[in-house]
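1. Provide a 3D model corresponding to the input given below.
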Amino acid sequence: MQEDFRLILDLVTVLGVAAAGGLFAALCRQPRSPGIFIGGVSL
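-> The predicted structure follows:
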């Protein structure tokens, strides 16, 4: 059960950071795809 919770927490963290990277890229008037990719890979 503990492993399931850890997996869900890791997935939510990666998706949250990727979304933040996409938002940051959009605010900088850049394409969102590289921002999402860099945000997701940075972890």
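2. grab the most central residue of this structure for me.
-> residue 18 (1.8 Å; C-alpha atoms, centre = their mean).
3. torsion angles phi and psi at residue 29?
-> The phi and psi values for residue 29, taken as degrees, to the nearest 10, are phi 60, psi 40.
4. surely the residue nearest to the centre of the chain meets residue 33?
-> No - Residue 18 lies out of contact with residue 33 (C-beta atoms under 8 Å); the separation is 10.6 Å. Where you see a C-beta, it was placed from the backbone N, CA and C, and this is true even at glycine.
5. wait, residue 32 sits on residue 19?
-> No - using C-beta under 8 Å, residue 32 makes no contact with residue 19, being 9.7 Å away.
6. how many neighbours does residue 31 have?
-> 10 (other C-beta atoms under 10 Å).
7. find the helix or strand that the closest residue to it other than its chain neighbours is a member of.
-> Distance criterion C-beta to C-beta, 6 or more residues apart in numbering; nearest residue to residue 31, sequence neighbours excluded, is residue 25 at 6.6 Å. Taking DSSP states H and E as the criterion, residue 25 maps to helix 2-27.
8. and the helix or strand following that helix, what does it pack against?
-> Sequence-wise, the next helix or strand downstream of helix 2-27 (DSSP H and E) is helix 32-41. Packing partners of helix 32-41 (3 or more C-beta pairs under 8 Å, 6 or more residues apart in numbering; DSSP states H and E): helix 2-27.
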